[in-house]
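# Okay, predicted coordinates and the sequence, questions at the end:
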Amino acid sequence: MILRRPNCCTPSQILTKTNVIPPNNNVFLIKIEMMKNKFVRLTAMLFMLLVSIAWLQSCSEDDVTEKNTQIIAEEEPVPDEPEVPVIEEPDFTPEGIVEVFNADKVEDNFILVNDAAANRAYLMNKEARLLHEWTLTNNIGNDVFLLSNGKLLASLESDDPQIRLGGKGGRLQIVAPDGTVEWDFIYSSLEGETHHDAEMLPNGNIIAMVWQRLSTEVAAQAGFMLEEDVFPESIIEINPATNEIVWEWHSWDHLIQDHDATKDNYGVISEHPELIDINYVPKSETIADIKGDIMHANAIAYDEVNDVILLSVNFYSEVWAIDHSTSTAEAAGQSGGNYGKGGDLIYRFGNPETYQNSAGTRLFHNNHFPNLLKGVDQGKLLIFSNGNNLGQSTVFELELPSAYDLQTNSNNELKITWSFTDPELYSPKVSGAVPLPNGNILITEGTFGYWEVTREKEVVWKCNIQGFIWRGYHYSKDSPEIKLLGL
């Protein structure tokens with residue numbers, strides 16, 4: 001801004017104004033004859049000279065002031081631009097792109113990453129720094145997790161998987177930290193194949209899911225409405241010391257259908273929630289080409305308190321509870337075991353439409369990883385609902401029933417104790433959630449990477465990994481597993 005003074009008068013204007021004689025003013029009246037006086041003339045001349053000097057000084061000061069003002073205005077400093085924080089490049093190659101939204105609330109521990117796309121299992125910290133990686137002999141068949149003894153239990157693909165559906169496997173291994181394979185169990189043939197997930201029981205045995213192949217003719221005899229081979233779900237329990245299968249359960253022994261009245265398993269589905277409708281998927285038309293994969297279980301969990309196995313059945317959008325206290329013979333029937341129902345479902349939740357139950361409300365739209373909680377949260381589980389056909393995923397914390405008591409025409413759905421969703425959270429496949437020691441939840445969004453959110457649903461950390469992330473398991477820095485790795 002340039003500052004200017006008002007225009008100044010010229011010397012003649014000043015003089016004229018000074019010599020103006022107000023008319024009829026007796027006080028200032030001066031006779032014209034006095035002007036002829038030499039002294040008076042000299043005085044007037046001196047006055048004019050002084051006025052001229054004053055005018056010149058005034059105008060000179062105005063000019064200098066204006067120039068100085070212009071200089072000051074032209075040199076006025078430009079406001080500083082906001083400082084851009086300097087982002088230091090890490091001295092390592094991160095496994096993903098990390099975003100920290102609230103560092104004070106981030107749980108500073110380790111994550112075991114299962115990247116099925118790259119066939120990698122590795123441990124990283126919250127900076128995405130690689131800490132340890134295991135050498136695997138075969139491709140990941142999805143789940144790899146760390147046991148309390150510092151070894152991995154890995155569900156891998158066999159050398160030549162015989163049932164080539166999504167999540168194919170055929171091989172289970174226990175792997176030492178240095179990559180040494182300490183146990184190698186192959187279950188891969190045209191008749192059946194392990195897949196997706198496995199879990200070690202407290203007695204040291206291992207339970208795993210199996211696809212059982214049944215021919216088109218056998219499927220038709222069971223009232224299946226499509227003409228194709230089918231791969232229903234089974235569960236086996238293996239003793240790693242002997243490789244003996246010591247217990248098994250087959251969904252094929254617990255079917256119902258209302259498609260063909262000439263078959264033995266024909267019945268009213270709504271009256272038998274303990275049985276499995278073999279035609280639910282083709283009737284619901286949620287999958288155009290199932291390729292015989294009529295159930296597509298993808299996760300297994302063990303409720304040690306109740307000796308119950310929870311099976312996540314993706315295409316049915318629900319979880320089935322199976323009594324593990326039965327013998328293999330009892331598991332094939334409808335009596336025996338702690339619940340007196342043999343191998344029939346003792347509970348189910350997530351989608352009452354699968355057994356035509358109008359009393360409950362559907363919660364899941366495809367689901368992964370029923371993760372049973374411990375400690376103060378005993379009796380609850382976290383589960384990832386993929387939200388297929390909704391375009392948005394949701395993590396639920398649910399409260400299990402006080403007793404596994406499945407009722408006909410009743411609301412058997414679980415109580416929601418916490419949930420999290422976000423418009424940006426969506427993975428149509430894989431994924432899951434685990435609790436953290438500080439109360440936060442670590443979410444695996446399979447097609448993105450990881451989110452960490454608080455119980456107040458604040459997102460405090462993210463990590464984008466270019467892969468296909470099956471799950472992420474949390475381990476504290478001082479946990480026995482980590483100490484055994486020497487980290």
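Okay, I see it.
# tell me the SS of Gly391?
coil (DSSP: H, G, I helix; E, B strand; the rest coil).
# what's the closest non-adjacent residue to it?
Nearest non-adjacent residue to Gly391, counting by C-beta to C-beta, 6 or more residues apart in numbering: Tyr426, 6.0 Å away. In this view, the C-beta of every residue, glycine as well, is placed from N, C-alpha and C.
# For Trp247, which non-adjacent residue is closest in space?
With C-beta to C-beta, 6+ apart as the criterion, Trp247 has its nearest non-adjacent residue at 4.0 Å, and that residue is Glu237.
# Tell me how far that neighbour lies from Gly166.
24 Å (C-beta to C-beta, to the nearest Å).
# for Gly337, same thing?
To Gly166, Gly337 is 32 Å away according to C-beta to C-beta.
# just Gly343 next, same as before
26 Å.
# So if I had to pick from these two, which one is more boxed in?
The residue with more neighbours, out of Gly343 and Gly166, is Gly343; 26 against 14, by other C-beta atoms under 10 Å.
# Report the buried residues of stretch 352-360.
Across stretch 352-360, burial judged by 16 or more other C-beta atoms under 10 Å covers Pro352, Glu353, Thr354, Tyr355, Gln356, Asn357, Gly360.
# Show me the strands in the stretch 151-300 of the chain, by range?
152-157, 170-175, 181-186, 192-200, 206-212, 233-239, 244-250, 255-256, 276-277, 297-303 (DSSP state E, counting those that start in this stretch).
# Including distance to Ser476, could those go into TSV?
TSV is the format used below for those (distance: least, C-beta to C-beta, whole Å):
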stretch	distance to Ser476
strand 152-157	18
strand 170-175	21
strand 181-186	25
strand 192-200	20
strand 206-212	25
strand 233-239	30
strand 244-250	33
strand 255-256	44
strand 276-277	40
strand 297-303	21
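# so where's the stretch 101-250 of the chain shaky on pLDDT?
The stretch 101-250 of the chain contains no residues with pLDDT under 70.
# in the sheet, who's paired with the residue nearest to Trp247?
Under the criterion DSSP bridges, Glu237 forms beta bridges with Ile207, Trp247.
# Now do the contacts for it.
Glu237 sits next to Leu201, Asn205, Ile206, Ile207, Ile245, Val246, Trp247, Glu248 when contact means C-beta atoms under 8 Å, 6 or more residues apart in numbering.
# Swap in 7 Å and give it another go.
Glu237 makes contacts with Asn205, Ile207, Ile245, Val246, Trp247, Glu248, as judged by C-beta atoms under 7 Å, 6 or more residues apart in numbering.
# most neighbours, which of those?
Greatest neighbour count in the contacts of Glu237, by other C-beta under 10 Å, goes to Ile207: 22 neighbours.
# in terms of contact, does that residue touch Ile300 like I think?
Yes - Ile207 is within contact range of Ile300, at 6.1 Å (criterion: C-beta atoms under 7 Å).
# which neighbours do these two share?
By the contact definition C-beta under 7 Å, 6+ apart, Ile207 and Ile300 are jointly contacted by Glu199, Ile309.
# so what's Ile276 up against?
For Ile276, the contacting residues are Ser251, His254, Leu255, Ile256, by C-beta under 7 Å, 6+ apart.
# Pairing-wise in the sheet, spell out the partners of it.
Leu255.
# What distance do you get for it to Ala299?
Relative to Ala299, Ile276 is positioned 17 Å away (C-beta to C-beta).
# Then Met200?
15 Å.
# Same drill for these two, tell me which one is more crowded.
Neighbours were counted for Met200 and for Ala299 using other C-beta under 10 Å; Ala299 has more, 27 against 16.
# Retrieve the pLDDT associated with the residue nearest to Gly391.
As predicted, Tyr426 sits at a pLDDT of 98.
# what about it, neighbour count?
So Tyr426, with other C-beta under 10 Å, has 20 neighbours.
# Helix, strand, or coil at it?
At Tyr426 the chain is in coil, as set by three-state DSSP.
# got the contact list for it?
By C-beta under 7 Å, 6+ apart, Tyr426 lies in contact with Gly387, Gly391, Gln392, Ser393.
# can you pull the pLDDT of the last one?
The predicted local confidence for Ser393 comes out at a pLDDT of 98.
# Backbone dihedrals for it, both of them.
Here is the backbone geometry of Ser393 (degrees, to the nearest 10): phi -90, psi 160.
# list the contacts for it?
So, once contact is read as C-beta under 7 Å, 6+ apart, Ser393 ends up touching Phe384, Ser385, Asn386, Gly387, Thr421, Leu425, Tyr426, Ser427, Ser431, Glu445.
# likewise the third one?
Under the criterion of C-beta under 7 Å, 6+ apart, the contact partners of Gln392 comprise Thr421, Pro423, Leu425, Tyr426.
# what about burial for those residues, which qualify?
With burial judged by 16+ other C-beta under 10 Å, the buried subset of those is Thr421, Leu425, Tyr426.
# Switch those residues over to a markdown table; also include distance to Asn366.
Formatted as a markdown table, the buried ones among the contacts of Gln392 follow (distance: C-beta to C-beta, whole Å):
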| residue | distance to Asn366 |
| --- | --- |
| Thr421 | 14 |
| Leu425 | 14 |
| Tyr426 | 11 |
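# Which member of the residues you listed is positioned nearest Ala128?
For these, the residue nearest Ala128 by C-beta to C-beta is Leu425; the value is 19.5 Å.
# where do the strands sit along the stretch 351-487 of the chain?
With strands called from DSSP E, counting those that start in this stretch, the stretch 351-487 of the chain shows them at 367-372, 380-385, 394-399, 415-421, 432-435, 441-445, 449-453, 459-464, 469-475.
# I'd assumed Phe384 was in contact with Asn371.
No - counting by C-beta under 7 Å, Asn371 does not reach Phe384; the two are 8.8 Å apart.
# any shared contact partners between the two?
Gly432, Ala433.
# Those two - which one has more neighbours?
Comparing Asn371 with Phe384 by other C-beta under 10 Å, the one with more neighbours is Phe384, at 29 against 22.
# any idea how far the more buried one lies from Asn138?
For Phe384 relative to Asn138 (C-beta to C-beta), the value is 26 Å.
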